[in-house]
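Enquirer: Next comes the sequence, and after it the predicted model I'd like to discuss.
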Amino acid sequence: MTDRVLSGIPTRKRSTSGKIAQILAQVSDDVFVVSQAAETYCDPSFPYLDRIHVEEFPENFGVIPARNEILKRAHDGGYDFVVQSDDDVAFKVETIEAMITILRDNPSIGAVTSESRAYFNWSKDMESSQKFILAPCAAQLWAARVRIMDEIGPMEVPYLEDREHGCRLWKAGYAVVALHDTISLSHNPFISRTNVTGKQGGQQETHDGDLHAGLKAAIDEMNRRHGDMLKLTYEGAKGKSFRSRYNWNFMLKCVIDRFGYLLDYSDSRGRIL
C-alpha cells in the first residue's frame, strides 16, 4: 500500500506559493494552498496541476489557523504524511523525498525539518551517525506522520507556534530532527516575491506594538508551559528577538522512556537516542 502525502502552504498577499506548490505536487498526492489575498500563479502546462488546490480564506485568517487547517485536511483526508512549507522558501523535490523517507524509516521521529542554508553552514561540522541531527522544533519546511499530529494536537501559541509544538512532540516521546546530509537538501529561506498589493505580505498584519506585546506574551506562555524543557529570554530594543536554552537531557529522556534507543543515533555533541 502506497503512503499518501498532503502538502500545505499558508500564504498571504504574496505571489510565490505557485512555485512552491509545483515542487510539492511532484511528490505529493495533493497540495493545499491556504490563500489570504495571495496570488497563486502556476504554469498551465504543469503536468500535476490537478493536484494543486487553492482555497481563499479571510485576509487576516492568521498563521496558526492556516497551519491547523492544513493539519485538519491531512487528518480528514486519511493521508499518511503531511508536509508544510512557508511561502518564501526554495528547495528541491529531493528535499521532500528525503524527509518522507526519514519518517517512514523511523517511527520514533515526530517531525523532520529541512535546515535553512544558513543553519546548515553553522552546523556543518556536526557529526552524526544518521543523515539527520536532533532539532528543537520543525519550522519553515517540515514533514510529519499524520497520526502523530493527531496525538499531539493543533498548534496554539501565537508567534512561537512551531517551538511550542516541538516541545509537545518531545514531551510525548517523539524526537524532532533536521536533515543533515548535504547542503543541496537544505532550503533557501528567502525567495523573491512580487507584491501587487503594495504591502510586504506575510501572515496576519501586526504593528510594532502588537508584535512587542504578542511576542512577550508568547514567551511568558512558553516558559509557563515548558519551563522544564527550555527557557526563553525576551530581549531587544523593539522586542523582536529572544534567546532560547533547551534542556537536552530532559528531551532525550522523554524519547528514551517511550522508545528506548530505537533511532540508533549519536552525534558529536554526545547526544544518544
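Expert: Looks like it came in fine.
Enquirer: contacts, neighbours, all on C-alpha from now
Expert: Will do.
Enquirer: ranges for the helices of the stretch 51-200 of the chain?
Expert: Under the criterion DSSP state H, counting those that start in this stretch, the stretch 51-200 of the chain carries helices at the ranges 63-76, 93-105, 117-122, 146-152, 161-171.
Enquirer: contacts for the second one?
Expert: Read that as helix 93-105. 23-24, 26-27, 81, 109-114, 142-145, 179, 185-186 (Cα atoms under 8 Å, 6 or more residues apart in numbering).
Enquirer: what do you get if the cut-off is 6 Å, keeping everything else the same?
Expert: Defining contact as Cα atoms under 6 Å, 6 or more residues apart in numbering, one finds that helix 93-105 is touched by 23, 185.
Enquirer: Name the residues of it that are buried.
Expert: For helix 93-105, a neighbour-count test (16 or more other Cα atoms under 10 Å) marks 95, 96, 98, 99, 100, 102, 103 as buried.
Enquirer: where among the helices of the stretch 51-200 of the chain is the average confidence lowest?
Expert: In terms of average pLDDT, helix 117-122 trails the rest of those, at a mean of 82.
Enquirer: ok, residue 117 - how many residues close by?
Expert: 17 (other Cα atoms under 10 Å).
Enquirer: what's the closest of the helices of the stretch 51-200 of the chain to residue 36?
Expert: Closest of those to residue 36 is helix 63-76, at 9.3 Å (criterion: Cα to Cα).
Enquirer: What are the boundaries of the strands in the protein?
Expert: With strands called from DSSP state E, the chain shows them at 5-12, 30-36, 52-56, 81-85, 109-113, 132-134, 141-145, 175-179, 230-235, 241-246.
Enquirer: And the shortest one, what does it pack against?
Expert: Pointing back at strand 132-134 there. When contacts are defined as 3 or more Cα pairs under 6 Å, 6 or more residues apart in numbering; DSSP states H and E, strand 132-134 sits against strand 175-179.
Enquirer: quick one: low-confidence parts of the stretch 151-273 of the chain?
Expert: 191-211, 236-240 (pLDDT under 70).
Enquirer: again, 50 this time
Expert: 193-198, 203, 207-208 (pLDDT under 50).
Enquirer: Return the residue of this structure that is most distant from the centre.
Expert: Here the centre of the chain is the reference, and by Cα atoms, centre = their mean the most remote residue is residue 45, at 29.4 Å.
Enquirer: quick one: pLDDT of that one?
Expert: At residue 45, pLDDT is 97.
Enquirer: again with the one 3 residues further on
Expert: If you check residue 48, the pLDDT there is 97.
Enquirer: Tell me the one among the buried residues of helix 93-105 nearest to residue 12.
Expert: Nearest to residue 12 among those, with distances taken as Cα to Cα, is residue 96, at 22.8 Å.
Enquirer: what about that closest one, distance to residue 270?
Expert: With distances taken as Cα to Cα, to the nearest Å, residue 96 is found 28 Å from residue 270.
Enquirer: Phi and psi next, for residue 261.
Expert: phi -100, psi 50 (degrees, to the nearest 10).
Enquirer: so it makes contact with residue 273?
Expert: Yes - contact criterion Cα atoms under 6 Å: residue 261 and residue 273 qualify, at 4.6 Å.
Enquirer: the more surrounded of these two?
Expert: In this comparison of residue 261 against residue 273, neighbours counted by other Cα under 10 Å, the higher total goes to residue 273 at 18 against 15.
Enquirer: show me what contacts that one?
Expert: 261, 263, 264, 265.
Enquirer: 7 Å instead?
Expert: 252, 256, 261, 262, 263, 264, 265, 266 (Cα atoms under 7 Å, 6 or more residues apart in numbering).
Enquirer: and the first one, how many neighbours?
Expert: Which is residue 252. 21.
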